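Undergrad: could you look at this predicted model? Sequence included:
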Amino acid sequence: MNPEVARKIQEDKIEKARIEKSRAKLTVAALFIATASLTLVFNPPGGTRAVAPSRTVPSHPPNMRRVNV
């Protein structure tokens, strides 16, 4: 095989590997961003939870106390 052709093939293989590596990094970055976005959507910092913990609100707030008649 012609040495020039062999060198060109080798350069193409290296370039292909470089592109594949950068594509893998972009995929990982995209997955990370998607995961972070979903985490923020479904679990906002300091946001409301789907089920409130028990006993957070008294059964009769001070302005609605029962009055015995």
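TA: Arrived safely, thanks for sending.
Undergrad: what ranges does this structure have for its helices?
TA: Across the chain, reading from the start of the chain, the helices by DSSP state H fall at 3-42.
Undergrad: so where's it uncertain?
TA: Low-confidence regions of the chain, defined here as pLDDT under 70, cover residues 47-69.
Undergrad: mind doing that once more with 90?
TA: 1, 38-69 (pLDDT under 90).
Undergrad: number of nearby residues for Arg7?
TA: For Arg7, the neighbour count with other C-beta atoms under 10 Å is 10. (Glycine included, C-beta is placed from N, CA and C.)
Undergrad: sorry, that was for Gly46
TA: Counted by other C-beta under 10 Å, the residues lying close to Gly46 total 4.
Undergrad: for it, give me its contacts.
TA: With contacts defined as C-beta atoms under 8 Å, 6 or more residues apart in numbering, Gly46 is in contact with no residue.
Undergrad: do you know how far it is from Leu40?
TA: For Gly46, the distance to Leu40 equals 12 Å [C-beta to C-beta, to the nearest Å].
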